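Colleague: return atomic coordinates for the entry below.
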Amino acid sequence: MIEATHLTKRYGATVAVDGLSFRVRPGRVTGFLGPNGAGKSTTLRMILGLTAPSGGTVTVDGVPFADRPRGLRHVGALLDAQDVHGGRSAAAHLSALARSNHIPRGRVADVLEEMGLGKAAGRRIGGFSLGMKQRLGIAAALLGEPRVLLFDEPLNGLDLEGVLWVRGLFRRLAAEGRTVLVSSHMMSEIEHTAEQVLVIGRGRLIADERLASLSGAAHGAAVVSVRTADVAALTALLAEEGATVRQASESEEAVEVSGLPARRIGELAGRHGLTLYELATRSSSLESAFLRLTADSVEYPAGPPARTGAGHQTGGTR
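Modeller: Predicted coordinates:
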């Protein structure tokens, strides 16, 4: 288990992580989410003892990671797949890690085969694709058969087969009772992999919930898409029932309704003689829940595109 208590990191006047407290429990995949600059990478580095906290504590199974000898036997991590010596072979890279952590040399061949890199064991890493480097980084994380695993953007550069393979790997590791923490900006992958989700913004904890709760009714009730020729009449009818009706962007005949289930909408429309061409429930996604939660935590939000044309000069002075 990973446990952070009031974890804080300051860089001069900048607070990167601000009093962060959470637990990452074994037996499940936990997604770690936040906008760019939220403090995710700094938090991961503090868990691994690579960055010293300005305040608070973080432990792995009750002990600071920096205090553990032969760390790869306790925690495996992939922070940057590119951070490897390009002149070494994959086997030499893993062998060096194995020797320094008193790990049996036989594990090197085992993890290379498991990652699909057995035939590339003797090749220099500098010639690897990003996807192959990601697989090598995961192999290094698994080398010491640790109980705790951390992955930062592990899917970068992987093809579809690789993405599906990694999903299954993370689920298997969690099913074995290991603690698995995955940081990613790819909401769809967290949605397909994680059971628990940690969300931070501006270094502070925003949410620590089960995935189903975060993307469900607690952070955005299901929306019902309705298409009808008489939008005005339907809108008035649903508003009387306390529903919220919003014009959909794709068609003048389409609206999005929240606050009433699809069945009730259909009953009301039928009772008042309104013809519906479409009636479909669309559940809130993790992506939409994430955007709502972090709306006030984005460091550099994008604005509307600049207007161009007559009267609006976009270049500098001539």
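Colleague: so what are the domain limits for this protein?
Modeller: 2-214, 221-283 (automatic domain parsing).
Colleague: identify whichever of those domains lies nearest to L291.
Modeller: domain 2-214 (9.1 Å; CB to CB). Every C-beta, even on glycine, is put in place using the N, C-alpha and C of the backbone.
Colleague: what's the span of that closest one from first residue to last?
Modeller: Taking CA to CA, to the nearest Å, domain 2-214 runs 21 Å from one end to the other.
Colleague: can you offset everything so residue one is 706?
Modeller: Got it, the first residue is 706 from now on, which makes the last one we talked about domain 707-919.
Colleague: which of the domains of the chain sits most buried?
Modeller: Of the domains of the chain, the one with the most neighbours on average (mean count of other CB atoms under 10 Å) is domain 707-919, at a mean of 18.
Colleague: how far does that domain sit from its chain's centre?
Modeller: Remark: domain 707-919 is offset 12 Å from the chain centroid, using CA atoms, centre = their mean, to the nearest Å.
Colleague: adding distance to R997, write the domains of the chain out as a markdown table.
Modeller: Formatted as a markdown table, the domains of the chain follow (distance: least, CB to CB, whole Å):
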| stretch | distance to R997 |
| --- | --- |
| domain 707-919 | 10 |
| domain 926-988 | 12 |
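Colleague: touching stretch 848-857 from outside, list them.
Modeller: Here stretch 848-857 makes contact (CB atoms under 8 Å, 6 or more residues apart in numbering) with 706-707, 731, 745-746, 749, 752-753, 765-766, 775, 777-785, 799, 802-803, 806, 808, 812-813, 816, 843, 846-847, 875, 878, 882-888.
Colleague: among the domains of the chain, which comes closest to A994?
Modeller: Nearest of these to A994, taken as CB to CB: domain 707-919 at 5.3 Å.
Colleague: I figured A786 hits L835, correct?
Modeller: Yes: the criterion here is CB atoms under 8 Å, and A786 meets it with L835 at 6.7 Å.
Colleague: looking at this protein, which helix or strand is least sure?
Modeller: helix 991-998 (a mean of 68; mean pLDDT, DSSP states H and E).
Colleague: between A786 and L835, what contacts are shared?
Modeller: Listed as contacting both A786 and L835 by CB under 8 Å, 6+ apart are 861-862.
Colleague: ok, now which ones touch N861?
Modeller: N861 makes contact with 786, 835, 839, according to CB under 8 Å, 6+ apart.
Colleague: quick one, helices of the stretch 856-1005 of the chain?
Modeller: If DSSP state H, counting those that start in this stretch is used as the criterion, the helices of the stretch 856-1005 of the chain fall at 865-880, 892-898, 916-919, 936-945, 967-976, 991-998.
Colleague: G792 reaches R828, doesn't it?
Modeller: No: contact criterion CB under 8 Å: G792 and R828 do not qualify, at 11.4 Å.
Colleague: out of the contacts of stretch 848-857, which are inside helices?
Modeller: Judged by DSSP state H, the subset of the contacts of stretch 848-857 located in helices is 745-746, 749, 752, 799, 802-803, 812-813, 816, 843, 846-847, 875, 878.
Colleague: list just the nearest of those residues to R915.
Modeller: R915 lies nearest to F875 out of the ones in helices among the contacts of stretch 848-857, by CB to CB, at 16.6 Å.
Colleague: contacting residues for the closest one?
Modeller: Counting by CB under 8 Å, 6+ apart, F875 has contacts 734, 856, 885, 887, 898.
Colleague: now, which of these lie within strands?
Modeller: The strands, defined by DSSP state E, take in 734, 856, 885, 887 from these.
Colleague: how close does the third one get to Y982?
Modeller: Here the criterion is CB to CB, to the nearest Å. By it, V885 lies 45 Å from Y982.
Colleague: quote the end-to-end distance of stretch 897-905.
Modeller: Stretch 897-905 end-to-end distance (CA to CA) = 20 Å.
Colleague: outside of that stretch itself, list whatever touches it.
Modeller: Stretch 897-905 is contacted from outside by 725, 727, 729-730, 733-739, 743-745, 748, 872, 875-876, 879, 887, 895, 910-916, 919, 991, 995, 998-999, using CB under 8 Å, 6+ apart.
Colleague: what of stretch 939-948?
Modeller: Contacts of stretch 939-948 with the rest of the structure, by CB under 8 Å, 6+ apart, involve 931, 933, 950, 960, 962-965, 969-970, 973-974, 977, 979.
Colleague: K714: which of the residues you listed is nearest?
Modeller: Closest to K714, out of all of the contacts of stretch 939-948 and judged by CB to CB, is S963, at 39.2 Å.
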